[in-house]
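**Q** Whatever this is, show me its structure:
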Amino acid sequence: MAANLAIELENPDQNFDLGGFDLNLLLVLNALLRFRNLTHAGNELRLSQPATSRALTRLREMFGDDLLIRSNRTFELTPLARVLAPKVEAALGNISKIFGGRIQAPERFAVAMPDHLALLLVSNLSGYFREVSPTTVFMPMVGLSNVITQLENGGADLALGNTDDTPAGFYCRALPPVQTVCMGRRGHAAANGKTAYADLGRFLSLRIGSTYNTGFGEAYDSLEALRPRGRETLTVPDIHTAARLVQETEAVLVLPAASAQFLAARYGLETFVPNKGMMPTYQISMIWHERWHRNSIHAGVRSMIASGIVEPAKVRRS
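**A** Purely as a prediction, here's the structure:
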């Protein structure tokens, strides 16, 4: 075995079975070759001098070479040891890279999501990256257009939406249903406790444009499922336009509670829950490609998003 190991280190093209070799001895060998002193090598590795001496004996037997030869009060490297020194150092460097547990920070991290969720999440996610990965540029991608393809080709790293046909190679984690509330202008007639949820259709119904233009296998938001069906429907391009219309008209908008409260505070609107009728819940999922599944930074983003969306909000029942 000693002859085979010496040949392997000098000629990497030769086959060698590592199963019979104690890789911990590489650490001892590296220290001995650098310090050329049993005491100093043992101190670096926190080994006693007898233990270091026993390891040197094993290494000499394995290589069939003295490796260190005494010269006056010091040791000198044998010719084989001089050949081994840079190879051992390089090998340990590569092993350290493999098992060091360091996650390479991505240059950018893009999350595709509906605009009403971006209002809630962007600030916290930006703070997360400043703390754990300052070199990473966080990119919120508002909207869910062509999301599955972007996740597959690396244009996006995570998407918040629903899909009826997640392709192979993707993960899709549905979050628990989220409580919803109604949003209207201050003093809205439906907020007086006399209007049942089923009767909200008599008011103007707002459809957010990006929530229903979907194709099979694509990601979509589920706001459309919350919309009260009424005689009159108006489609608007984004959540801020919808909020402005709610401010100026008799329109009623049903949103996840946290999104509704954020917009209500910004635009001076009122949130309420009718006393009669069961309010629908909002459903959303996180979708990502399997190549990111075990990445710790990606897992941290998923955890923050889940808590940011699902965290219950207090709502007032009218």
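**Q** so A110 makes contact with M141?
**A** Yes: under the criterion of C-beta atoms under 8 Å, A110 makes contact with M141 at 5.3 Å. C-beta coordinates here come from the backbone N, C-alpha and C atoms, glycine included.
**Q** Name the residues contacting each of those two.
**A** 150, 156 (C-beta atoms under 8 Å, 6 or more residues apart in numbering).
**Q** Doesn't R229 belong to a helix?
**A** No: with DSSP: H, G, I helix; E, B strand; the rest coil as the criterion, R229 is coil rather than part of a helix.
**Q** Next up, the contacts around it.
**A** Counting by C-beta under 8 Å, 6+ apart, R229 touches 201, 205.
**Q** and the gap between it and S222?
**A** As judged by C-beta to C-beta, to the nearest Å, R229 and S222 stand 15 Å apart.
**Q** Packing partners of the longest helix along the chain?
**A** Longest helix in the chain, counting residues (DSSP state H): helix 79-99. Under the contact definition 3 or more C-beta pairs under 8 Å, 6 or more residues apart in numbering; DSSP states H and E, helix 79-99 sits against helix 2-10, helix 24-35.
**Q** tell me the mean pLDDT for the last one?
**A** If you average the pLDDT over helix 24-35, you get 85.
**Q** Can you tell me which helices and strands that helix packs against?
**A** Using 3+ C-beta pairs under 8 Å, 6+ apart, helix 24-35 sits against helix 38-45, helix 49-63, helix 79-99.
**Q** And the helices in the stretch 101-250 of the chain?
**A** Assigned by DSSP state H, counting those that start in this stretch, the helices in the stretch 101-250 of the chain fall at 115-132, 147-153, 239-248.
**Q** Could you dump these into JSON lines with distance to I69 added?
**A** Formatted as JSON lines, the helices of the stretch 101-250 of the chain follow (distance: least, C-beta to C-beta, whole Å):
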{"stretch": "helix 115-132", "distance to I69": "51"}
{"stretch": "helix 147-153", "distance to I69": "59"}
{"stretch": "helix 239-248", "distance to I69": "78"}
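**Q** Serialize the ones you listed to CSV and add fields for mean neighbour count and distance to A168.
**A** Formatted as CSV, the helices of the stretch 101-250 of the chain follow (neighbours: other C-beta atoms under 10 Å; distance: least, C-beta to C-beta, whole Å):
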stretch, mean neighbour count, distance to A168
helix 115-132, 17, 27
helix 147-153, 18, 11
helix 239-248, 19, 33
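**Q** K194: which of these is closest?
**A** Nearest to K194, of all the helices of the stretch 101-250 of the chain, is helix 239-248, at 19.6 Å by C-beta to C-beta.
**Q** list the helices and strands the helix or strand just after that closest one packs on?
**A** Later in the chain than helix 239-248, the nearest helix or strand by DSSP states H and E is strand 253-256. Other elements packing on strand 253-256 under the criterion 3+ C-beta pairs under 8 Å, 6+ apart are helix 115-132, strand 180-185, helix 239-248.
**Q** What is the least confident helix or strand in the chain?
**A** Lowest mean confidence among the helices and strands of the chain (mean pLDDT, DSSP states H and E): helix 2-10, at a mean of 44.
**Q** Any regions of the stretch 151-300 of the chain where pLDDT drops low?
**A** For the stretch 151-300 of the chain, applying pLDDT under 70 flags the ranges 210-217.
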